[in-house]
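Peer 1: how does the following fold in three dimensions:
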Amino acid sequence: MLCADFTLYGGFTNDVSHRLAVHNAGKGAKYTRLKSRRPVKLLYYEAFDNKSAALKAEYAFKHQLRAQKLKYLEEHGININKLKK
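Peer 2: The predicted structure is shown next:
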């Protein structure tokens, strides 16, 4: 997800639309509860065969540098610089 302050947040869920609504309501992860980070926008999601694979991917994404996250997103057709106003 792209936060209002242009930071990136990634997480695990089995219901993407519900989780996005929870984050935007300020009741999601501690990171997205800050008003300065809301609203958040869904940029990209992936489906996994099982919870273990999803959690491993989440962990890997969260531990990347911002530049690595941006490169990953760009490889999947997402350029956040085009979203800035």
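
Peer 1: where do the helices sit along the protein?
Peer 2: 16-24, 30-33, 51-62, 66-75 (DSSP state H).

Peer 1: mind putting those helices into CSV with distance to residue 42, mean pLDDT and mean neighbour count?
Peer 2: Placement of C-beta: from N, CA and C, glycine included. Formatted as CSV, those follow (distance: least, C-beta to C-beta, whole Å; pLDDT from 0 to 100; neighbours: other C-beta atoms under 10 Å):
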stretch, distance to residue 42, mean pLDDT, mean neighbour count
helix 16-24, 5, 97, 15
helix 30-33, 12, 95, 14
helix 51-62, 14, 96, 13
helix 66-75, 12, 96, 13
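
Peer 1: quick one, which of those is nearest to residue 5?
Peer 2: Of all the helices of the chain, helix 30-33 sits nearest to residue 5, with 10.4 Å by C-beta to C-beta.

Peer 1: ok, residue 66 to residue 80 distance?
Peer 2: Separation of residue 66 from residue 80 (C-beta to C-beta, to the nearest Å): 10 Å.
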